[in-house]
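Visitor: Using only what follows, build the 3D model:
(chains A and B)
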Amino acid sequence: MQEIPLSQILFVSTALFFIGMYGLFTRRNLITMLMSIELMLNAVNINFVAFNKFLFPDNLDGLFFTLFIITIAAVEAAVAIAIIINLYRSHNSIDVDDATEMKY
Amino acid sequence: MNISSIIFYAISALILGAGILAVTSVKIFRAAIWLLFSLVGIAALYFWMQVEFIAAIQIVVYVGGIVVLIIFSIFLTQNSGKEMAKPAKGKVIFSALAALFGTAFVHNLIVHYEGFATNSAKPFNPNVAEIGTQMLSTTSHGFILPFEVVSMLLLAAMVGCIVIAMRPNNEIKN
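Guide: Next up, the predicted model:
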């Protein structure tokens, strides 16, 4: 346990965050963009737990931040999927390039 | 190189490999399954860090809730075996360059930062009783106010989802 320093966990979460960012840039489908956002939120959660465990072990604030972020991620996914289903009903597509009514 | 480090590297490889496949797979259903593996890997990382409660929440909410919701919405909205259109080559190159640059930049910052040292000798004690007491406590380290705010947010989101996804009245009659 002690052989792995905090910085290596931070490397993993950084790489996961930028994988999510790459997905957000390249994907054009709303559901896959939502999946990329979930990956980015998870990278942030790993950071909170690791900082709490390795730097501030005498209180649990990082764990509570993680719990609230998980809750809000669930809320965000539910609302986003309701919007996606509504968009599919009106446009027959969930591609972001097909929903351009409010673009200009 | 003891067994704990080996487990950490295996979990990291699972998380990052499944994450890369989740954002590059051309079949949307496969992308969802790779996302599932990545989230399970993150739960395993929480188990490795000995925060079992967060790991259990991760499995229940993400793996059991969000991924199932995403898979349902894939089934509702499109043909899941169909391949998605590939993104333009220039966009892939520039996005990959931006992601690689960002990763290298942050890695550089982490490597050259010296301040990662704890100043507390108390052991880390994340058991469920401690978390529950602190969550509902009204003293200075209590989290009762965000707890109540989040419960209102969940109620608002539930009503909002029903209103958004509901078919309007005149459409049902026609």
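
Visitor: Could you list the low-pLDDT ranges of chain A?
Guide: A:1-3 (pLDDT under 70).

Visitor: Could you rerun that using 80?
Guide: A:1-4, A:93, A:98-104 (pLDDT under 80).

Visitor: Helices of that one, residue ranges please.
Guide: Remark: helices assigned in chain A by DSSP state H are A:6-26, A:30-54, A:61-91.

Visitor: Adding distance to chain B and mean neighbour count, write those out as JSON lines.
Guide: Yep, even glycine has a C-beta here, placed from its N, CA and C like the rest. Below are the helices of chain A laid out as JSON lines (distance: least, Cβ to the nearest Cβ, whole Å; neighbours: other Cβ atoms under 10 Å in any protein chain shown):
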{"stretch": "helix A:6-26", "distance to chain B": "3", "mean neighbour count": "22"}
{"stretch": "helix A:30-54", "distance to chain B": "5", "mean neighbour count": "22"}
{"stretch": "helix A:61-91", "distance to chain B": "4", "mean neighbour count": "18"}
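
Visitor: Can you list the neighbours in contact with the host helix or strand of residue B:107?
Guide: Assigned by DSSP states H and E, residue B:107 belongs to helix B:89-111. For helix B:89-111, the surrounding residues in contact (Cβ atoms under 8 Å, 6 or more residues apart in numbering or on different chains) are A:7, A:10, A:11, A:14, A:15, A:18, A:19, A:21, A:22, A:25, A:26.

Visitor: how distant is that helix from the center of its chain?
Guide: 21 Å (Cα atoms, centre = their mean, to the nearest Å).

Visitor: Could you give the average pLDDT over it?
Guide: The pLDDT scores in helix B:89-111 average 92.

Visitor: For whichever helix or strand comes after it, buried residues please.
Guide: Toward the C-terminal end, the helix or strand that comes next after helix B:89-111 (DSSP H and E) is helix B:128-135. By neighbour count with 16 or more other Cβ atoms under 10 Å in any protein chain shown, helix B:128-135 contains the buried residues B:131, B:134, B:135.

Visitor: in chain B, what residue is nearest chain A?
Guide: Shortest chain B-to-chain A distance, computed as Cβ to the nearest Cβ: residue-wise this is residue B:23, at 3.0 Å.

Visitor: chain center to stretch A:69-86: distance?
Guide: In terms of Cα atoms, centre = their mean, the centre of stretch A:69-86 is found 11 Å from the chain centre.

Visitor: Show residues contacting it.
Guide: The set of residues external to stretch A:69-86 that reach it, using Cβ under 8 Å, 6+ apart, is A:30-31, A:34, A:37-38, A:41, A:44-45, A:48, A:94, B:57-58, B:61-62, B:65-66, B:69-70, B:72-73, B:76-77, B:150, B:153-154, B:157-158, B:160-161, B:164-165.
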